[in-house]
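Colleague: Coordinates only, no sequence provided:
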C-alpha cells in the first residue's frame, strides 16, 4: 500500500509539472506614433483612447507628457493642412456636384481641432439610464482623444461599473447638482483655464463638430 502511494505521488508530479515562465515587459515605442507615415499615428480606437494616451495615463512622466504634446501638435498640424487643401480643392473644382461638395465639406469640418487642448476642462453630468447621455460619451471620448481633460459626474444613484465607461466618472454630490441647477441631462460644462472662465451650460447631446465649434467660438470672444 505504501509503495502504491509513492507511485501515485510520483505519477502526479510527472504529469502536472509546474511551469513558471517569466513575463517579459515590452517597452513602449513612441516612434510608431510620432511618424505620420505610420497608420498607428491616426488610430483612435473604437471607444478606446489611443495607445499614446493610455501610456501617458499609466506613466505620466516628463518624457511621456512631452511626447504626448508632440503627438497632438503633429496631428493638429496635419489636420490644419488637410483643411486648407480641402478648401483649395473646392475652390478650383467648381464643377463638383452638390453631393460631392457636401462630403468634402463634412470631411473639412471633422478635421477642425485647431485649439490648445491643455487649455480646457470638460465636465458632463449624466444619468446612467439616459440614452442621450450614452451618445454624449462618444463625443467626450473624441475630445479626450484630442488631448482635452474630460470627466463625467453621475446624477442618479444606480450602481455602475466605471470600467464600462470610456472616460473618468464619479458620483455628483447633492450640493454640486444644486449649485449647477441640474434639472435635465446631459448637461456639459467647458472651463477655459487661460481665461479662467466657465462657458454657459450646454444642454442635451452635442456632436464632436458642435463641441469643437463651441470651443472655437469661446476663444474668439
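Modeller: Sure, I can see it. No experiment lies behind these values; they were computed from the predicted model shown.
Colleague: could you measure residue 117 against residue 203, distance?
Modeller: 24 Å (C-beta to C-beta, to the nearest Å). (Glycine included, C-beta is placed from N, CA and C.)
Colleague: Neighbour count: these two, which is higher?
Modeller: residue 117 (19 against 13; other C-beta atoms under 10 Å).
Colleague: Does that one touch residue 146 like I think?
Modeller: Yes - under the criterion of C-beta atoms under 8 Å, residue 117 makes contact with residue 146 at 5.5 Å.
Colleague: anything in contact with each of the two?
Modeller: Contact criterion C-beta atoms under 8 Å, 6 or more residues apart in numbering; residues shared by residue 117 and residue 146: residue 72.
Colleague: Am I right that residue 210 sits in a helix?
Modeller: Yes - counting by DSSP: H, G, I helix; E, B strand; the rest coil, residue 210 is located in a helix.
Colleague: Contact partners for it?
Modeller: Contacts of residue 210 by C-beta under 8 Å, 6+ apart: none found.
Colleague: try 10 Å
Modeller: When contacts are counted by C-beta atoms under 10 Å, 6 or more residues apart in numbering, residue 210 touches 139, 202.
Colleague: do residue 199 as well
Modeller: Contact analysis of residue 199 by C-beta under 10 Å, 6+ apart lists 120, 122, 188-192, 214-215, 217-218, 221.
Colleague: Filter those down to the buried ones.
Modeller: The neighbour count (16 or more other C-beta atoms under 10 Å) marks 120, 122, 188-190, 192, 214-215, 218 as buried among the contacts of residue 199.
Colleague: can I get the contacts of residue 199 in TSV with secondary structure and pLDDT?
Modeller: Shown next, in TSV, are the contacts of residue 199 (DSSP: H, G, I helix; E, B strand; the rest coil; pLDDT from 0 to 100):
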residue	secondary structure	pLDDT
120	strand	92
122	strand	95
188	strand	97
189	strand	96
190	strand	95
191	strand	93
192	strand	92
214	helix	87
215	helix	87
217	helix	79
218	helix	73
221	coil	62
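Colleague: Output those residues as a markdown table; include the columns distance to residue 52.
Modeller: As requested, the contacts of residue 199 are arranged in a markdown table below (distance: C-beta to C-beta, whole Å):
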| residue | distance to residue 52 |
| --- | --- |
| 120 | 19 |
| 122 | 20 |
| 188 | 25 |
| 189 | 26 |
| 190 | 24 |
| 191 | 24 |
| 192 | 25 |
| 214 | 26 |
| 215 | 21 |
| 217 | 28 |
| 218 | 27 |
| 221 | 32 |
